[in-house]
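**Student:** coords below, sequence missing:
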Ligand SMILES: [Fe+2]
């Protein structure tokens with residue numbers, strides 16, 4: 001990355017009634033790459049807020065016309081500005097100032113005199129914290145929407161409720177047993193949620209058919225991993241899940257679809273998902289079979305080690321099962337289903 005791109009580019013609003021101090025603050029922040037707007041008091045700051053939304057407000061407390069505490073209060077009442085982080089500058093440094101700032105929920109305060117390092121460190125830390133919080137909220141909202149979408153698609157399939165959540169919970173347990181890192185766990189989560197999203201292209205008459213599928217119907221069914229992968233590959237945030245989606249029906253011995261990949265040629269996230277998806281399919285009522293006991297499903301998976309499934313992963317799945325991790329997930333969702341599986 002070129003150095004210029006690494007520089008901060010956030011827009012800041014600095015509110016300070018002492019002109020020399022205001023210029024000093026602006027110069028330090030601009031020299032670090034920030035875009036700085038200035039105001040001499042709270043009233044003037046609100047006028048600036050009428051034109052733009054800064055990423056952070058740095059405000060003196062004691063100012064004429066409208067002081068920093070009143071400004072803070074006013075900004076918190078503007079709906080799309082209420083979450084803008086605030087840093088107070090206080091010359092007094094009195095307990096009252098600090099108490100007032102904290103009791104209002106001010107995010108931080110700096111006591112004058114300030115060194116430029118202190119100023120820059122406080123601004124940077126506050127922006128970073130806000131960015132992380134927003135990202136976490138965005139991710140949570142994104143995942144919740146994806147779950148709703150994926151469950152809507154599953155419901156066409158007559159799967160039991162919470163299929164997607166259960167498959168993900170099993171997958172996470174197995175991946176932790178295999179000591180996968182946090183990044184891989186998150187990619188796996190997206191793969192688990194979206195693995196069957198390509199079924200949106202399959203007519204319900206095929207999805208809900210209880211008898212055997214015709215050759216044409218089966219061919220259509222076998223396309224869902226490719227369709228799902230195509231749906232997701234253009235979305236940068238989800239693209240890491242594409243290999244899992246595309247290969248979740250590949251099998252260790254090459255008997256799967258759509259490519260007939262085998263062994264380590266199958267992405268490991270897809271090998272993992274194949275095991276937990278099969279376990280969930282067996283232990284749920286489906287149009288073409290009634291649910292089997294968890295113990296029998298686990299035994300069936302163990303019997304397919306080295307045939308349909310990766311042997312090392314089956315061993316790890318057995319360890320999870322013996323420890324009760326799998327039963328814990330199974331029972332939790334059974335309780336949510338009101339006892340009906
Ligand atoms: Fe599938």
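**Tutor:** On my side now, so go ahead. Computed from a predicted structure; not experimentally measured.
**Student:** residue contacts, residue 229?
**Tutor:** With contacts defined as Cβ atoms under 8 Å, 6 or more residues apart in numbering, residue 229 is in contact with 198, 242, 245, 246. Yep, even glycine has a C-beta here, placed from its N, CA and C like the rest.
**Student:** Tell me the buried residues within those.
**Tutor:** For these, a burial check counting by 16 or more other Cβ atoms under 10 Å picks out 198, 242, 245, 246.
**Student:** Helices along the stretch 201-341 of the chain, start to end?
**Tutor:** With DSSP state H, counting those that start in this stretch as the definition, the stretch 201-341 of the chain shows helices at residue ranges 204-207, 215-221, 224-232, 242-247, 268-282, 294-303, 311-323, 325-336.
**Student:** which of those helices sits most buried?
**Tutor:** Greatest average neighbour count among those goes to helix 242-247 (a mean of 25), per mean count of other Cβ atoms under 10 Å.
**Student:** how close does the residue nearest the centre of the chain sit to residue 187?
**Tutor:** The residue lying closest to the centre of the chain (Cα atoms, centre = their mean) is residue 139, at 3.2 Å. Remark: distance between residue 139 and residue 187 (Cβ to Cβ, to the nearest Å) = 13 Å.
**Student:** likewise residue 153?
**Tutor:** Distance from residue 153 to residue 187, by Cβ to Cβ: 20 Å.
**Student:** what do you get for residue 214?
**Tutor:** Taken as Cβ to Cβ, the span from residue 214 to residue 187 is 36 Å.
**Student:** These two: which is more packed in?
**Tutor:** Using other Cβ atoms under 10 Å as the criterion, residue 214 and residue 187 rank with residue 187 on top: 20 against 11.
**Student:** residues touching that one, list them.
**Tutor:** Counting by Cβ under 8 Å, 6+ apart, the residues that residue 187 touches are 240, 241, 244, 269.
**Student:** and which of the contacts of residue 229 is nearest to residue 319?
**Tutor:** Nearest to residue 319 among the contacts of residue 229: residue 245, at 26.6 Å, using Cβ to Cβ.
**Student:** you'd agree the closest one is up against residue 194?
**Tutor:** Yes - when contacts are counted by Cβ atoms under 8 Å, residue 245 is listed as touching residue 194 (5.8 Å).
**Student:** quick one: common contacting residues for the two?
**Tutor:** Overlap of the contact sets of residue 245 and residue 194 (by Cβ under 8 Å, 6+ apart) consists of 228, 232.
**Student:** Contact partners for the nearest residue to residue 55 once chain neighbours are set aside?
**Tutor:** Leaving aside its chain neighbours, residue 55 sits nearest to residue 10 (3.9 Å; criterion: Cβ to Cβ, 6 or more residues apart in numbering). For residue 10, the contact set (Cβ under 8 Å, 6+ apart) comprises 34, 35, 54, 55, 56, 127.
**Student:** and the gap between residue 10 and residue 47?
**Tutor:** Distance, residue 10 to residue 47, by Cβ to Cβ: 20 Å.
**Student:** next one: residue 169
**Tutor:** From residue 169 to residue 47 the distance is 52 Å (Cβ to Cβ).
**Student:** Comparing the two, which residue is more hemmed in?
**Tutor:** When neighbours are counted by other Cβ under 10 Å, residue 169 comes out ahead of the other of residue 169 and residue 47, with 22 against 10.
**Student:** That one contacts residue 327, doesn't it?
**Tutor:** No - if you go by Cβ under 8 Å, residue 169 and residue 327 don't touch, sitting 11.7 Å apart.
**Student:** ok, back up a step: can I get the helices of the stretch 201-341 of the chain in JSON lines with mean pLDDT and distance to residue 110?
**Tutor:** Shown next, in JSON lines, are the helices of the stretch 201-341 of the chain (pLDDT from 0 to 100; distance: least, Cβ to Cβ, whole Å):
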{"stretch": "helix 204-207", "mean pLDDT": "82", "distance to residue 110": "61"}
{"stretch": "helix 215-221", "mean pLDDT": "90", "distance to residue 110": "63"}
{"stretch": "helix 224-232", "mean pLDDT": "91", "distance to residue 110": "45"}
{"stretch": "helix 242-247", "mean pLDDT": "96", "distance to residue 110": "46"}
{"stretch": "helix 268-282", "mean pLDDT": "95", "distance to residue 110": "46"}
{"stretch": "helix 294-303", "mean pLDDT": "95", "distance to residue 110": "58"}
{"stretch": "helix 311-323", "mean pLDDT": "96", "distance to residue 110": "50"}
{"stretch": "helix 325-336", "mean pLDDT": "83", "distance to residue 110": "47"}
